[in-house]
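Please find the sequence and the predicted model below.
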Amino acid sequence: MQLFYNPNISLSTTSFTFDKEESRHIVRVLRKKENNLLQITNGDGILFNAKIINANDKKCSIQIISHEVKQKSWDYNLHIAIAPTKMNDRFEWFIEKATEIGIDEITPIICENSERKIIKLERLYKVLISAMKQSLKYKIPKLNKITTFSEFIQNDTESIKFIAHCEKTDKTTLKNQIKSAKRITILIGPEGDFSTNEITKALLHKYIPLSLGESRLRTETAGIVACNTVSVLKSI
């Protein structure tokens, strides 16, 4: 199945024309012709079945035949707040894999030990879209603007909240905490870890110290481990 994405298609849409870039991809690269069927999502949990009515490589037009409301395959909300890595490609890798596994919301955070404090949301959004299509998901994760650690921990109040850090203190595991949780927030720090001050602040805001295993993990690896662990434990 080849899944296409366009946020401008809604339940009231009966016909639609793709832009030049997508039209060329459909007609020139994929060699789609008139009356061929396409599957399209608007990234909001809707799958549209459509038929090509004009296979023009500059203005490919479709007619919507039917639609389906697609429920996500997990019954919880996972929000990971993570410090962008020094190398862009590693952070993009986290974005891609977390989307493929299943995540609802991502917030890049600036910490005291952060080496990267600027990100390109437009580029990361393209990675999200590609991963959503590749993994045949129909709802795109919410990608928030970058914010500071201090601002972030003051805003989240509805979830069970964790901070994964490397300090040698008493910590829990996800297995012991998330069995009945419907909303889960996990903080993942930068390569230099969270500072002692940040850990203290998080605890004051009712974040639970979290262990992701015995190994010392890279930031992006820790994010993937957290995402996958939640996925596995909540499916049992």
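Yes, it's here. Remember, predicted model here, so these are calculated numbers, not experimental data.

C-alpha only now, for contacts and for neighbours.
Fine.

List the residue ranges of the protein that fall below the pLDDT cut-off.
156 (pLDDT under 70).

How about residue 152: what's its closest non-neighbour residue?
Once its chain neighbours are removed from consideration, residue 152 has its nearest residue in residue 109; the separation is 7.6 Å (C-alpha to C-alpha, 6 or more residues apart in numbering).

Let me see the contact set for the one you found.
81-84, 146-149, 152 (C-alpha atoms under 8 Å, 6 or more residues apart in numbering).

which of the residues you listed lies closest to residue 179?
Taking C-alpha to C-alpha as the measure, residue 179 sits nearest to residue 81 out of the contacts of residue 109, at 20.7 Å.

in the sheet, who's paired with the closest one?
Going by DSSP bridges, residue 81 is paired in beta bridges with residue 107, residue 187.

Go ahead and confirm it touches residue 186.
Yes: using C-alpha atoms under 8 Å as the test, residue 81 is close enough to residue 186 to be in contact (6.2 Å).

which of the contacts of residue 109 are buried?
For those, a neighbour count by 16 or more other C-alpha atoms under 10 Å gives the buried set as 81-84, 146-147, 149, 152.

give the contact list for residue 7.
If you count contacts by C-alpha under 8 Å, 6+ apart, then residue 7 has 41-44 around it.

Quick one: end-to-end distance for stretch 76-87.
As for stretch 76-87, its first-to-last residue distance stands at 31 Å under the measure C-alpha to C-alpha, to the nearest Å.

who's in contact with the top helix by length along the chain?
Longest helix of the chain, by residue count under DSSP state H: helix 219-235. By C-alpha under 8 Å, 6+ apart, the surrounding residues in contact with helix 219-235 are 74, 78, 80, 82-83, 85, 90-91, 93-94, 97-98, 101-103, 174-175, 178-179, 186, 188-191, 212.

which of these are buried?
For those, a neighbour count by 16+ other C-alpha under 10 Å gives the buried set as 78, 80, 82-83, 85, 90-91, 93-94, 97-98, 101-103, 178, 186, 188-191, 212.

can you list the contacts of residue 7 in TSV and add distance to residue 128?
Supplementary listing: the contacts of residue 7 in TSV, determined by distance: C-alpha to C-alpha, whole Å:
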residue	distance to residue 128
41	13
42	13
43	10
44	13
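
Got a ChimeraX select line for the buried ones in those?
If you want just the buried ones from the contacts of residue 7 in ChimeraX, going by 16+ other C-alpha under 10 Å, the selection is:
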select :41,42,43,44
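
Just the contacts of residue 7: which are in helices?
Among those, DSSP H puts none in helices.

ok, so of the contacts of residue 7, who is nearest residue 24?
Taking C-alpha to C-alpha as the measure, residue 24 sits nearest to residue 41 out of these, at 18.6 Å.

For that closest one, name its beta-bridge partners.
residue 5, residue 47.

Would you mind measuring from it to residue 224?
Counting by C-alpha to C-alpha, the gap from residue 41 to residue 224 is 25 Å.

Residue 147 too?
With the distance defined as C-alpha to C-alpha, residue 147 ends up 21 Å from residue 224.

which residues sit in contact with the nearest residue to residue 2 once chain neighbours are set aside?
For residue 2, the nearest residue in space outside its immediate sequence neighbours is residue 39; the separation is 6.8 Å by C-alpha to C-alpha, 6+ apart. Taking C-alpha under 8 Å, 6+ apart, we find residue 39 in contact with 1-4, 47-50.

can you give me the strands for this protein?
With DSSP state E as the criterion, the chain has strands at 3-5, 15-17, 37-41, 46-54, 61-69, 77-82, 105-110, 142-143, 147-148, 160-164, 183-188, 208-210.
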